[in-house]
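[1] Have a look at this prediction, sequence included:
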Amino acid sequence: MGSHVNLAYDYPVLGAFWTIMWIFLWVMWIFLLFRVIVDIFRDDSLSGWAKTGWLVFTIVLPFLGVFVYVVARGRGMGKREQDHVKARMDETDRYIRETVGATGPASEADQLAKLSQIRARGDISDEEFRRAKEKVLHS
């Protein structure tokens, strides 16, 4: 009966702390590696050969490559991320404006035409139409 059962209290608290810390550092390293690779491809100021060189350096010697990249080009990483987010927001805003079709508020004639359509369908009464029409004409 030489079997040994490992119980939870056989694993010291300091050992659990170090294990959690190493897992955390490993996950952070993976995030940093992918962040650097994305930044290499996103940077328009780098030529194709420069991107290839950084990518090969990062893949062949990952720890050294990432750390050298962060030291050499890390200052611009945040700016490039902000520019990318701003471009995405501008693209989304442009799409919304195109989808809506109007860039400004509807004219009085458009509002009155819509009110007439609503009254013709019977969704509002003549009295409600009159009040809405007055509101449009006086605003």
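    Received, thanks. Numbering: from 1, shown residues only.
[2] When you work out contacts or count neighbours from here on, use the C-alpha atoms and nothing else.
    Noted.
[3] What helices and strands are in contact with the helix or strand hosting residue 129?
    Assessed by DSSP states H and E, residue 129 sits inside helix 126-138. Using 3 or more CA pairs under 8 Å, 6 or more residues apart in numbering; DSSP states H and E, the elements in contact with helix 126-138 are helix 108-121.
[4] Burial check on residue 33, number of neighbours?
    By other CA atoms under 10 Å, the residues close to residue 33 number 19.
[5] Next: residue 39.
    When neighbours are counted by other CA under 10 Å, residue 39 registers 19.
[6] just how off-centre is the helix holding residue 129 within its chain?
    Taking CA atoms, centre = their mean, to the nearest Å, one finds the center of helix 126-138 at 44 Å from the center of the full chain.
[7] residues in contact with that helix?
    Helix 126-138 has contacts (CA atoms under 8 Å, 6 or more residues apart in numbering) with 108, 111-112, 115-116, 119.
[8] Now do the buried residues in that helix.
    Going by neighbour count (16 or more other CA atoms under 10 Å), the buried part of helix 126-138 is 129, 132-133.
[9] Could you let me know which of the contacts of helix 126-138 ends up closest to residue 12?
    Distance to residue 12, by CA to CA, is smallest for residue 111 among those, at 73.7 Å.
[10] Now the buried members of the contacts of helix 126-138.
    Buried by 16+ other CA under 10 Å: 111-112, 115-116, out of the contacts of helix 126-138.
[11] JSON lines please, covering these and showing pLDDT and distance to residue 18.
    Shown next, in JSON lines, are the buried ones among the contacts of helix 126-138 (pLDDT from 0 to 100; distance: CA to CA, whole Å):
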{"residue": "111", "pLDDT": "83", "distance to residue 18": "68"}
{"residue": "112", "pLDDT": "85", "distance to residue 18": "71"}
{"residue": "115", "pLDDT": "86", "distance to residue 18": "70"}
{"residue": "116", "pLDDT": "88", "distance to residue 18": "73"}
